[in-house]
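# pasting the sequence and the predicted model now:
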Amino acid sequence: MDYTVKNGDIILSEEHFSLDDTLDCGQAFRWEAVPSEHYRTYMGFFKDKALTISETERDKGIFILHGISERDFLDVWYDYFDFGTDYGELKRRFSEDSVLSDACGYAKGIRLLKQDTEECIISFILSQNNNIPRIKGIIGRLCDMYGGFPDMKRLEGVTAEELAPLRAGFRAKYIEDCAGKFSDGSLSVDSLKKLSTAEAHKALMTVKGIGPKVAMCVLLFGMYRTDAYPVDVWIKRVNEKYYPNGLPECVKGVEGIAQQYLFHYIRTSGIM
DNA sequence: TTCCAGGCGTATC
DNA sequence: GATACGCATGGA
């Protein structure tokens, strides 16, 4: 990854990145394509920091991060987009496995975003037995209600009734339970981060509405535990068809990143 | 109308 | 521990 500062924008070059692959593959729910722009452009957030980002031409690997300081780029967005990780090297490792090799070729621009932990907890509770457009709708209404994505502190004492305008259905009572466990101190992000992946997985599942899959998503997308491997209905089919004896050795330690390529590939390519 | 969506809680065995 | 079943909502 290389970048330059130009007229208050960051111009960035990164071969292993595309906006559609990374921002619209179901790992994050607060990025929206901006339809009127000349270039492929998305607007979204990390916590309360907004960003508009363009891709000058698909597969060219040139991006414009509009109107942000070099300081914000280095302090916030560099980490958020995981630019410190060499995805070319990861894909070389994954190419040892034929299915993964195809998956990486299908969506070459996927990266694992380093998202906020609390936002991921709420978002993936809302994701269960739900579809991506509707998840985005519910989260959009949540952000409207609170003037931005609420952290656990802002959600302290919230009830399912108060969340009714979100139209989250049966998931509203899970948000209530989760906010309660954070406000009474039985859970905190700081303590979760000190735990091993297996221990944090168990701790997250004490929340009503967080089961094995949602907890894995929180670990992977919200805590950058790259060994977390969420198994949803799609990945279950992949495991049964291609990996009945377990995952290949080449994904060891980065199972979750491999999962992103597999998930996107089998869900949208039509092979299954 | 019926089915399904990045699952999970509950009841039952 | 394994296996059914219901669940809010809305789009196909």
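Perfect, thanks for sending it.
# start and end of stretch A:153-160, how far apart?
16 Å (CA to CA, to the nearest Å).
# so for it, what gets flagged as buried?
Of all the residues in stretch A:153-160, those buried under the rule 16 or more other CB atoms under 10 Å are A:155, A:158, A:160. To be clear about C-beta, it is placed using only N, CA and C from the backbone, and glycine gets the same treatment.
# separation between the nearest residue to residue A:101 once chain neighbours are set aside and residue A:16?
Distance criterion CB to CB, 6 or more residues apart in numbering; nearest residue to residue A:101, sequence neighbours excluded, is residue A:95 at 4.5 Å. Separation of residue A:95 from residue A:16 (CB to CB, to the nearest Å): 13 Å.
# quick check: which element contains residue A:221?
helix A:212-223 (DSSP states H and E).
# so which elements touch that helix?
With contacts taken as 3 or more CB pairs under 8 Å, 6 or more residues apart in numbering; DSSP states H and E, helix A:212-223 sits against helix A:117-127, helix A:197-204, helix A:255-268.
# and it, which residues are buried?
Judged by neighbour count (16+ other CB under 10 Å), helix A:212-223 contains these buried residues: A:213, A:214, A:215, A:216, A:217, A:218, A:219, A:220, A:221, A:222, A:223.
# CA atoms only for that helix - export them in CSV, please.
C-alpha atoms of helix A:212-223 as CSV (Å, rounded to 0.1, in the frame of the first residue of the first chain):
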residue,chain,number,x,y,z
PRO,A,212,-22.0,-19.7,18.5
LYS,A,213,-22.3,-18.0,15.1
VAL,A,214,-23.0,-14.4,16.3
ALA,A,215,-20.2,-14.7,18.9
MET,A,216,-17.8,-15.8,16.2
CYS,A,217,-18.8,-12.8,14.0
VAL,A,218,-18.1,-10.5,16.9
LEU,A,219,-14.7,-12.0,17.5
LEU,A,220,-13.8,-11.9,13.8
PHE,A,221,-15.2,-8.6,12.7
GLY,A,222,-15.2,-6.7,15.9
MET,A,223,-12.0,-8.0,17.7
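# contacting residues around that helix?
Residues outside helix A:212-223 that contact it (CB atoms under 8 Å, 6 or more residues apart in numbering) are A:27-28, A:112-113, A:115-121, A:124-125, A:127-128, A:192-193, A:197, A:200-201, A:204-205, A:210, A:225-226, A:228-232, A:256, A:259.
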